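Participant: sequence-free structure coming up:
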């Protein structure tokens, strides 16, 4: 057998099971209709719908109707977490968001990439993202595959996190760099 043909076959083989393909199609229809066409304040209903598709969404989480979820069954959102409009949860790998987290408008959490070291097959990598309690991912910010955002960390507007962010630190830029410490909050999220 020709080794080159093996790489071509690998490159064209889907990394998704048939079951996952079916779930993705069903979710895309539900997201475009049952999710997106809701009243802006129907947070409970949207959380309920996400839970029907396997997401773990606390009943006190607030998810905007314009958020986009790829593979919602890989998403966990903690209590009192709030998302802004247009947030993208690209959850090919797991995305776990703690309590009292703010994910501002148009932020992008990307838990999937490809292994560039194998240019023939470019295999999919499903690298988990974790955003710990009290963190803030600001407007238009990007959190890359495999990144952990520490408790209370703040990724500034349009910041790009390709490496872990230390707890209670403010980051900005592309790539994100530590700017200064952030004041810690009490156990209940207060100053």
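Facilitator: On my side now, so go ahead. Small disclaimer: the values here were computed from a predicted structure and weren't measured.
Participant: quick one: the helices in this protein?
Facilitator: 3-12, 18-30, 43-52 (DSSP state H).
Participant: Could you give the number of residues near the closest residue to residue 162 other than its chain neighbours?
Facilitator: Using C-beta to C-beta, 6 or more residues apart in numbering and skipping residues adjacent in sequence, the residue nearest residue 162 is residue 144, 4.6 Å away. Backbone N, C-alpha and C define where each C-beta goes, glycine included. When neighbours are counted by other C-beta atoms under 10 Å, residue 144 registers 19.
Participant: Among the helices of the chain, show the one with the smallest mean pLDDT.
Facilitator: When mean pLDDT is averaged over each of the helices of the chain, helix 3-12 scores lowest at a mean of 54.
Participant: show me the contacts for residue 93.
Facilitator: 74, 111-112, 125-129, 145 (C-beta atoms under 8 Å, 6 or more residues apart in numbering).
Participant: actually residue 146, not the one I typed
Facilitator: Residue 146 touches 127-129, counting by C-beta under 8 Å, 6+ apart.
Participant: Now with 6 Å, please.
Facilitator: Under the criterion of C-beta atoms under 6 Å, 6 or more residues apart in numbering, the neighbours of residue 146 are residue 127.
Participant: how much space is there between it and residue 162?
Facilitator: If you measure residue 146 against residue 162 using C-beta to C-beta, to the nearest Å, the figure is 9 Å.
Participant: again, but for residue 126
Facilitator: According to C-beta to C-beta, residue 126 and residue 162 sit 17 Å apart.
Participant: neighbour count winner among those two?
Facilitator: For residue 126 versus residue 162, the count of surrounding residues by other C-beta under 10 Å is larger for residue 126: 16 against 13.
Participant: what stretches of the chain score poorly on pLDDT?
Facilitator: With pLDDT under 70 as the threshold, the chain has low-confidence stretches at 1-12, 185-191.
Participant: before we move on, the earlier item: let me have the contacts of residue 93 in CSV, extended by distance to residue 183.
Facilitator: Putting the contacts of residue 93 into CSV (distance: C-beta to C-beta, whole Å) gives the following:
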residue, distance to residue 183
74, 32
111, 29
112, 34
125, 36
126, 35
127, 31
128, 28
129, 25
145, 30
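Participant: Mind picking the two most distant members of those residues?
Facilitator: Comparing all pairs in the contacts of residue 93 by C-beta to C-beta, the longest separation belongs to 74 and 125, at 13.7 Å.
Participant: between these two, who's got more neighbours?
Facilitator: residue 74 (23 against 16).
Participant: For that one, list the residues it contacts.
Facilitator: Applying C-beta under 6 Å, 6+ apart as the definition, the contact partners of residue 74 turn out to be 91, 94.
Participant: ok, residue 81 touching residue 62?
Facilitator: No: here residue 81 does not reach residue 62: they are 7.1 Å apart, not a contact under C-beta atoms under 6 Å.
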